[in-house]
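[1] A predicted structure for the sequence below; I have some questions about it.
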Amino acid sequence: MSSIETLRSALESHFGARLVRSQLDRGELTIVVKAADYLDVATALRDDERFGFEQLVDLCGVDYSGYRDEPWEGPRFCVVSHLLSVSHNWRLRLKVFCPDDDLPSIATLTGVWGSANWFEREAFDLFGIVFEGHVDLRRILTDYGFIGHPFRKDFPTSGHVEMRYDPEQKRVIYQPVTIEPREITPRIIREPGYGGLH
């Protein structure tokens, strides 16, 4: 039995029904837990010597609406954490779905792994996922006055507003997005004489 299979067996034995699913694919192990069990499972993954996940190396949000261009059954927003155990030399992907699509929220992991801080701020900023208990949950990549969450699949590609410097007002102003349609014809298919070229 490989080390990753040993880990999977230990996780299934320890957490039992608290694991919604465990999946081993291409040598990578993913477990899915319920929102109510998320913080307890994360704490056990760090503190239990059998698992020893000392580090959270990444955390991100995912919008599953239109997943693989097909209708999605189930909660829309997911938080995915990538964990590393240096002592056991193994990795784990931990997934949890936010129970409410209208106001996606989940417990913060900042008390378990300090590195979750900025990752959670990024997921809040880009997906609108609220991390309950986070002490400084505010935007990190977009402007403080930004409207919406740009990584949601229903966010318009061009956005809602644009900003520019107004020399008359001597400040940055926001205005509705203005996009002028234009035709871009690749040079290789231009007709002779296009744009004065011969």
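    Perfect, I can see it now. Just so it is clear, the structure is predicted and the values come from calculations on it, not from any experiment.
[2] quick one, strands of this structure?
    19-25, 28-33, 55-63, 77-85, 90-97, 105-107, 130-132, 161-166, 171-176 (DSSP state E).
[3] so which of the ones you listed is nearest residue 114?
    strand 55-63 (8.6 Å; Cβ to Cβ). Every C-beta, even on glycine, is put in place using the N, C-alpha and C of the backbone.
[4] give me the sheet partners of the closest one and which way each runs.
    strand 77-85 (antiparallel) (DSSP bridges).
[5] what does the partner strand contact?
    For strand 77-85, contacts defined as Cβ atoms under 8 Å, 6 or more residues apart in numbering pick out 42, 45, 51-64, 90-98, 101, 104, 106, 109, 116, 123, 127, 129.
[6] can you list the buried residues in stretch 27-35?
    Buried positions in stretch 27-35, judged by neighbour count with 16 or more other Cβ atoms under 10 Å: 29-33, 35.
[7] any idea how far that stretch is from the chain center?
    The chain centre lies 15 Å from the centre of stretch 27-35; the measure is Cα atoms, centre = their mean, to the nearest Å.
[8] any idea which residue sits dead centre in the protein?
    Geometric centre of the chain, nearest residue: residue 61, 1.9 Å, by Cα atoms, centre = their mean.
[9] that one pairs with what?
    residue 79.
[10] ok, now which ones touch it?
    77-80, 123, 126-127, 129, 151.
[11] and those as a markdown table, adding neighbour count, distance to residue 175 and pLDDT?
    A markdown table is the format used below for the contacts of residue 61 (neighbours: other Cβ atoms under 10 Å; distance: Cβ to Cβ, whole Å; pLDDT from 0 to 100):
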| residue | neighbour count | distance to residue 175 | pLDDT |
| --- | --- | --- | --- |
| 77 | 24 | 30 | 97 |
| 78 | 21 | 34 | 97 |
| 79 | 26 | 34 | 98 |
| 80 | 16 | 36 | 98 |
| 123 | 27 | 29 | 98 |
| 126 | 21 | 23 | 96 |
| 127 | 24 | 26 | 97 |
| 129 | 24 | 29 | 98 |
| 151 | 17 | 23 | 93 |
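[12] residues in contact with the nearest residue to residue 39 once chain neighbours are set aside?
    Nearest residue to residue 39 in three dimensions, chain neighbours excluded: residue 107, at 4.4 Å (Cβ to Cβ, 6 or more residues apart in numbering). Counting by Cβ under 8 Å, 6+ apart, residue 107 touches 35, 38-39, 131-133.
[13] of those, grab the buried ones for PyMOL.
    Command for PyMOL that selects the buried part of the contacts of residue 107, burial taken from 16+ other Cβ under 10 Å:
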select buried, resi 35+38+39+131
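[14] closest to residue 19 out of the contacts of residue 107?
    residue 38 (11.7 Å).
[15] and the helices in the chain?
    For the chain, helices defined by DSSP state H occupy the ranges 3-15, 38-47, 116-127.
[16] tell me which of these sits nearest to residue 167.
    helix 116-127 (30.0 Å).
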